[in-house]
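Enquirer: for reference, the sequence and a predicted model appear below.
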Amino acid sequence: MVYVTRRAQFSASHRLHNPKLSEEENRRIYDKCNNPSGHGHNYDVEVTVAGEPDPETGMVIDLKLLKRLIHEYVIEQLDHKHLNYDVDFMRDVIPTAENIAIKIWERLEPHIENGKLYSVKLFESQNNYVDYRGQ
Ligand code: NI
């Protein structure tokens with residue numbers, strides 16, 4: 001098995017807030033990330049596809065294709081958006097790094113035909129990232 005990874009970047013803003021909780025509970029849980037006007041991040045996303053190299057092409061997945069899929073289904077939807085308001089597929093979740101990674105997985109997975117989607121890593125800052133593997 002070979003693991004092939006493509007990295008991409010997007011910038012987006014969000015506010016961590018659970019409408020089912022009180023203002024006070026939201027502030028306690030999310031602290032500065034609950035600021036009413038939101039804040040931004042420069043996100044890095046790493047998408048890894050696992051598989052065996054095709055005997056004819058020598059490739060698990062064409063990285064040009066993977067680049068295009070990430071651009072079309074993820075970056076164009078999220079870049080320079082407010083994740084609480086502007087993105088249809090983010091409407092039903094609190095836009096934590098965890099939930100963004102899950103949504104990116106759900107966007108990409110149906111389109112990966114060569115190899116299998118193995119992981120989506122989402123870096124929210126230099127020191128924080130989450131890694132989703134589909135379950
Ligand atoms: Ni944040």
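Expert: Now that the structure is in, tell me what you want to look at. In this text, all values refer to a predicted model and were calculated from it rather than measured experimentally.
Enquirer: for E109, give me its contacts.
Expert: Taking CB atoms under 8 Å, 6 or more residues apart in numbering, we find E109 in contact with L117, G134. Yep, even glycine has a C-beta here, placed from its N, CA and C like the rest.
Enquirer: how about V93, what does it touch?
Expert: Listed by CB under 8 Å, 6+ apart, the contact partners of V93 are N99, I102, K103.
Enquirer: excluding chain neighbours, what is closest to the second one?
Expert: Translated: I102. What sits nearest to I102 in space, not counting adjacent residues and going by CB to CB, 6 or more residues apart in numbering, is Y132, at 5.5 Å.
Enquirer: tell me the secondary structure for the spatially closest residue to N114 that is not a sequence neighbour?
Expert: Spatial nearest neighbour of N114, excluding adjacent residues (CB to CB, 6+ apart): I61 at 4.4 Å. Here I61 is recorded as coil under DSSP: H, G, I helix; E, B strand; the rest coil.
Enquirer: so how far is N84 from R91?
Expert: Note on R91: its distance to N84, by CB to CB, to the nearest Å, is 9 Å.
Enquirer: who's more crowded, these two?
Expert: N84 (18 against 11; other CB atoms under 10 Å).
Enquirer: ok, the residue sitting nearest the centre point of the chain - contacts?
Expert: What sits nearest the mean C-alpha location of the chain, by CA atoms, centre = their mean, is A101, with 3.5 Å. By CB under 8 Å, 6+ apart, the contact list for A101 reads V45, V120, K121, L122, V130, D131, Y132.
Enquirer: could you pull out the helices in this protein for me?
Expert: Using DSSP state H, the helices of the chain run over 23-30, 63-70, 76-78, 97-108.
Enquirer: chain center to the shortest one, what's the gap?
Expert: Here helix 76-78 is found 10 Å from its chain centre; the criterion is CA atoms, centre = their mean, to the nearest Å.
Enquirer: tell me the buried residues in it?
Expert: Within helix 76-78, the residues scored as buried using 16 or more other CB atoms under 10 Å are Q77, L78.
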